[in-house]
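Undergrad: pasting the sequence and the predicted model now:
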Amino acid sequence: MDAGQEPNGVWSTLVRRQTPQVEAFACREYLEGSAILRLPDDRLPSLEELESVITPRTGWRLRRTPIRYSDALPWYRHFGRKTFLVTDYMRSWHELDFTPEPDMFHDIFGHLPFLVLPRYAALLDLFAQPFLRTDDQHRQHIKRLAWFTTEFGLLREAGRLKVFGAGLLSSVGEMRHVMDGRTPILPFSIHNVLTRTKAIYTFNETLFAFDSLAALASELRAYFDSVPTAARPEIPAGAGGETALEDWELADLAGGPPAVR
Ligand SMILES: [Fe+2]
């Protein structure tokens, strides 16, 4: 069956498969946020109903994007305005275990439970300003730090490894792979992360664990404070930069409010 015609079916299947794993392995913050957001397991929630829980708690808003994998520059510009982009795309039935592109299941199930927590929103708030003010080399570093923390980070709670990153929380296959001990885990440090390459089209070869949200935030803040301010911040090559942002903003305005699913 084409998932494009049946996104609610794919969503329900994924939520029901992933919930027991998440209950066993997700970090405290995710479980706490999940209990507040209460995602339905029988249909895709609308952005409006999600915002009605998220925005009063943290000020973050949601916006639907037709772009399958948003460029970093518009992504962080929206981040700087506390707007989280939710893709309009849902994986197909044969990609249930793993999809290299973020889809609605990843964006909603993986990320949004965290967004009801002010202490998590404060962590996200650290990323946008240094990204927007710095040069391309440091933008690459910031993207990598985001990848290995908010997307694929692990957290040690009372000595036990827990899943923090939305990319793992929304990947039935990779989460199982990691929690089965098949992925080497290093302590999180800026140095350890910036000297490793990241995987997009396969499972990550190495992941990183930190001891608390506060410890992660303080390490990131120290690094971000050291990031230079570019005289004239570069538009990353091939990113589409300003044009992509303007097109996207115009398309968004022309489209009116996000579609309700
Ligand atoms: Fe993500």
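TA: Thanks, I have the structure now. Numbers count the residues shown, from 1 in each chain.

Undergrad: low-confidence ranges in the protein?
TA: Scanning the chain for pLDDT under 70 picks out the ranges 1-5, 68-70, 197-201, 232-261.

Undergrad: for it, what lies in contact range of the ion?
TA: The interface of the chain toward the ion, taken as C-beta under 5 Å from the ion, is made up of 102, 166. In short, each C-beta sits where N, CA and C put it, glycine included.

Undergrad: how about the helices in the chain?
TA: 7-25, 28-37, 47-58, 72-80, 104, 118-133, 136-146, 166-169, 172-179, 190-194, 213-226, 241-255 (DSSP state H).

Undergrad: can you give me how far the shortest one is from the chain middle?
TA: Here the centre of mass of C-alpha atoms in helix 104, compared against the chain's by C-alpha atoms, centre = their mean, to the nearest Å, lies 11 Å away.

Undergrad: now do the fourth one
TA: How far helix 72-80 lies from its chain's middle: 13 Å, per C-alpha atoms, centre = their mean.

Undergrad: before we move on, what about stretch 180-189?
TA: 19 Å.

Undergrad: pull out the buried residues from that stretch.
TA: Buried residues in stretch 180-189, defined by neighbour count with 16 or more other C-beta atoms under 10 Å: 183, 188.

Undergrad: between the two ends of it, how far is it?
TA: Across stretch 180-189, the terminal residues are separated by 23 Å (C-alpha to C-alpha, to the nearest Å).

Undergrad: sorry, back to before: and among the helices of the chain, the most buried is which?
TA: Mean neighbour count (mean count of other C-beta atoms under 10 Å) peaks for helix 166-169 among those, with a mean of 25.

Undergrad: other residues contacting it?
TA: 18, 22, 26, 30, 102, 106-107, 109-111, 114, 147, 150-152, 154, 163, 174-175, 178 (C-beta atoms under 8 Å, 6 or more residues apart in numbering).

Undergrad: try 10 Å
TA: Applying C-beta atoms under 10 Å, 6 or more residues apart in numbering, the external contacts of helix 166-169 come out as 18, 21-22, 25-27, 30, 34, 102, 106-114, 147-148, 150-154, 163, 174-179, 183, 200, 203-204, 207.

Undergrad: dump the helices of the chain to JSON lines, plus distance to Phe98.
TA: Output for the helices of the chain, formatted as JSON lines (distance: least, C-beta to C-beta, whole Å):
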{"stretch": "helix 7-25", "distance to Phe98": "12"}
{"stretch": "helix 28-37", "distance to Phe98": "20"}
{"stretch": "helix 47-58", "distance to Phe98": "24"}
{"stretch": "helix 72-80", "distance to Phe98": "22"}
{"stretch": "helix 104", "distance to Phe98": "16"}
{"stretch": "helix 118-133", "distance to Phe98": "25"}
{"stretch": "helix 136-146", "distance to Phe98": "20"}
{"stretch": "helix 166-169", "distance to Phe98": "10"}
{"stretch": "helix 172-179", "distance to Phe98": "4"}
{"stretch": "helix 190-194", "distance to Phe98": "22"}
{"stretch": "helix 213-226", "distance to Phe98": "26"}
{"stretch": "helix 241-255", "distance to Phe98": "27"}
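
Undergrad: Glu95 is nearest to which of those helices?
TA: helix 7-25 (8.9 Å; C-beta to C-beta).

Undergrad: now do that closest one: distance to the chain's middle.
TA: 17 Å.

Undergrad: again with stretch 44-59
TA: Here the centre of stretch 44-59 is set off from its chain's centre by 16 Å, with C-alpha atoms, centre = their mean.

Undergrad: what does stretch 132-151 give?
TA: Relative to its chain's centre, stretch 132-151 lies at 13 Å (C-alpha atoms, centre = their mean).
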